[in-house]
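Q: what follows is a predicted structure for the sequence shown.
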Amino acid sequence: MGLNLTKRHDLEDFREQAHQMVDWMADYLEGGVRDHPVLSRVKPGAVSGALPKSMPESPEELERVWQDFQDIILPGVTHWNHPGFMAYFSITASGPGVLGEMLSAALNVNGMLWRTCPAATELELVVLDWLRRGLNLPQEFFGFLCDTASISSLLALAAAREAAGLDVRERGLAGRDDLPPLRVYASDQAHSSIAKACLTLGFGLQGFRAIPHDKDYRMDVCALRAAINEDRKAGCRPLAVVATVGTTSTTSVDPVAEISALCADEGLWLHVDAAYAGSAALCPEYHWCLEGCENADSFVFNPHKWLFVPIDASALYTRHPDTFKRAFSLVPEYLTTPMAGQVVDLMDYGVQLGRRFRGLKVWWVLRTFGLSGLQAHLRRHIALAQEFATWVDDVEWLERTAPAPFSVVCFRALPSGETDSEAIDSFNMKLMEQVNASGEIFLSHTRLDSGISLRVAIGNLGTEEQDLDLCKKLIMEGMACLSNL
Ligand SMILES: Cc1ncc(COP(=O)(O)O)c(C=O)c1O
C-alpha cells in the first residue's frame, strides 16, 4: 500500500513515526546501544546485498522503511555512540546535540548568505565566539564552522597560499615557471589531512615536509628550523607550518610557542590542528596545551570530537578573515545582496556555497551542558584514561608506549620471551582483534617508534569505570588465550 500523498496525511505519518523514532533514539542513547555489538559484524556486501537494486517504483509506508532500518541497516552500523567504543577518537552524539540536528533538518535552511538565514550566520558566529572565549583564544580570532578538520585545514592552507602573495587566485599554479616549489611543514605525527591538503592545493606530496618528532612524539623544532633553512637554500619557498595539539596516534602536543616564534622569524603562516585535544582547554588546568596558539594565523578544533556535538562540526578560527575572503570569495550576480559589506556572508570564507545550520546543534549542546558540565565530562574522561594508564604501568607484560596527556592511552603487550619485533607486532594485532571480537569493546592501533601500539581512547559520554574494567578483563583474557596457543 502506497503512502497517501495528501499533505495532511503525510504529516500525520511523520508525527507518529517521529514520536516512535524519538523514543527509540532516547532508549538507544540511554543505554540501548549496549545491546548491539560495538563493531559491526556484517560481512562486506551484506548491507548492499540485502537492498533492492533500484529505488521503489511506488511510495512505501514509513513503517516498512523503519523495519528495514532495524533489520538491514542497524546490523551494519559500527556504534560510535557505544560506551565501549574506544577506537580512534571516541565521540558522542549527545541527546541535546541530536535535538539540534533534528531541528536543523526540519528547518532545512541554507545559510550561504546572511540573508538566506540571518539566524544561521549569527548563531554560528556567536557560538564560535563562546568557544573561543572558553578556550582562552584571542579576541581577534574570527571563527566559523566547517564539516571536518580536514576541510578546515585545507581552507587554512589555501589562505596561507593566498597570504604568500603568489597570485595563485588569478594565475593558478600550473605552468608557472616563476614559482619555486612550495613547502608546508608538519611533524611526522601530524594527521594525514595535512598532506592531503598539500596534494589538493597543488603543492604536491613533495610540498609536504614531515619533521621528525622527539622522544615524546612532539615536533622537533631544531629539525624544523634546519628543514626550512635547507629548503630555502635549495630554492624552495616555505609557506606554512602546521603544529598539532593532540596528535592522532599519541595525543602529543607540539611546542607551539617555540614553533610560533620560528614562524614569526621566517614569515610563515602558522596553522594549529587541535582537532581532538583543543576541547580539553575548556578546563583552565589544560590551558597549557594551547600555549602559543594565540599567535597562530589559523586554528582548528572539532566540537564533534570531544564536545558531544554529533558529527559533523569543526571550528575554524583565523586572525585573517580577509585573507580567507581573498582566497575564496567569488560572487555571481544572483548571489549579490544589498547588505554586502555590512554583514558576514559565510559562503565567502570557503569553497562550499550551501551551508547547513550547524550552529544550532553546537548551541544546544553548549547551553544544556554549560561550561561546567562540559568540563566535568572532560575531566571524568581524562581521569578514566589516567587510571587505565596506571593499570597498564602496573601489569608486568604490558608496556606504555607514549605519554598520555589527555584521554588516550597507547600501550602494547610483551609476550613472555618474545624479542622479535615483527612477532610482537603481530601478537598485538591479534590481541586487539580478540578484544574487538567481543562486540563489547572496540580498540584501534597505530605504529609508534617501538612498533605496533594499541590505543584506548575515552570520549563517549556513557563510558564508565565498568567499561574500562571490561576492557582490562578482555585484554587479560586475550593475553591468556594467545599465550596458550
Ligand atoms: C589531529 C587530527 N587532525 C585532523 C583529523 C581529521 O579529522 P576530520 O575527520 O574532522 O577531518 C583527525 C582525525 O582524527 C585528527 O586526529
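A: Now that the structure is in, tell me what you want to look at.
Q: the stretch 151-300 of the chain: helices as residue ranges?
A: Remark: helices assigned in the stretch 151-300 of the chain by DSSP state H, counting those that start in this stretch are 168-171, 192-200, 221-233, 256-266.
Q: quick one: list the elements packing against the longest helix seen in the chain.
A: Counting by DSSP state H, the longest helix found in the chain is helix 359-394. Secondary-structure packing of helix 359-394 (3 or more Cβ pairs under 8 Å, 6 or more residues apart in numbering; DSSP states H and E): helix 95-107, helix 118-134, helix 303-306, strand 398-400, strand 408-413, helix 465-483. In short, each C-beta sits where N, CA and C put it, glycine included.
Q: out of these, which is closest to the ligand?
A: helix 303-306 (7.0 Å; Cβ to the nearest ligand atom).
Q: so for the closest one, mean pLDDT?
A: Average pLDDT, helix 303-306: 98.
Q: next structured bit after it?
A: strand 314-318 (DSSP states H and E).
Q: turn the helices and strands packed on helix 359-394 into JSON lines, columns for mean neighbour count.
A: JSON lines is the format used below for the helices and strands packed on helix 359-394 (neighbours: other Cβ atoms under 10 Å):
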{"stretch": "helix 95-107", "mean neighbour count": "18"}
{"stretch": "helix 118-134", "mean neighbour count": "19"}
{"stretch": "helix 303-306", "mean neighbour count": "27"}
{"stretch": "strand 398-400", "mean neighbour count": "17"}
{"stretch": "strand 408-413", "mean neighbour count": "26"}
{"stretch": "helix 465-483", "mean neighbour count": "16"}
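Q: count of residues packed around Gly417?
A: For Gly417, the neighbour count with other Cβ atoms under 10 Å is 5.
Q: give the burial count for the residue nearest to Pro415 when sequence neighbours are not counted, as a bare number.
A: Distance criterion Cβ to Cβ, 6 or more residues apart in numbering; nearest residue to Pro415, sequence neighbours excluded, is Phe427 at 5.1 Å. Phe427 has 22 neighbours, counted by other Cβ under 10 Å.
Q: buried residues, the helix or strand containing Phe427. List them.
A: Per DSSP H and E: Phe427 is located in helix 421-437. Buried residues in helix 421-437, counting neighbours by 16 or more other Cβ atoms under 10 Å, are found at Ile424, Asp425, Phe427, Asn428, Leu431, Met432, Gln434, Val435, Asn436.
Q: repeat that for stretch 18-37.
A: Quick answer for stretch 18-37 (16+ other Cβ under 10 Å): Met25, Tyr28, Leu29, Val33, Arg34, His36, Pro37.
Q: and what of stretch 384-395?
A: For stretch 384-395, burial by neighbour count (16+ other Cβ under 10 Å) applies to Leu384, Ala385, Gln386, Phe388, Ala389, Trp391, Val392.
Q: I'd say the fifth one and Val409 touch.
A: What it means is Ala389. Yes - the criterion here is Cβ atoms under 8 Å, and Ala389 meets it with Val409 at 4.7 Å.
Q: give the residues shared as contacts by those two.
A: The overlap between the contact sets of Ala389 and Val409 (Cβ atoms under 8 Å, 6 or more residues apart in numbering) consists of Arg400.
Q: what are the contacting residues of the lowest-mean-pLDDT helix or strand in the chain?
A: Least confident helix or strand of the chain, by mean pLDDT, DSSP states H and E, is helix 7-30 with a mean of 88. By Cβ under 8 Å, 6+ apart, the surrounding residues in contact with helix 7-30 are Leu3, Asn4, Gly32, Leu62, Glu63, Trp66, Asn81, Ala93, Ser94, Gly95, Val98.
Q: which pair of those spans the longest distance?
A: The most widely separated members of these, counting by Cβ to Cβ, are Asn4 and Ser94 (35.9 Å).
Q: and the two? Which one has more around it.
A: Set Asn4 next to Ser94 and count neighbours by other Cβ under 10 Å: Ser94 wins out with 24 against 12.
Q: any idea how far Val408 is from the closest residue to that one other than its chain neighbours?
A: Nearest residue to Ser94 in three dimensions, chain neighbours excluded: Phe308, at 3.9 Å (Cβ to Cβ, 6+ apart). Distance, Phe308 to Val408, using Cβ to Cβ, to the nearest Å: 17 Å.
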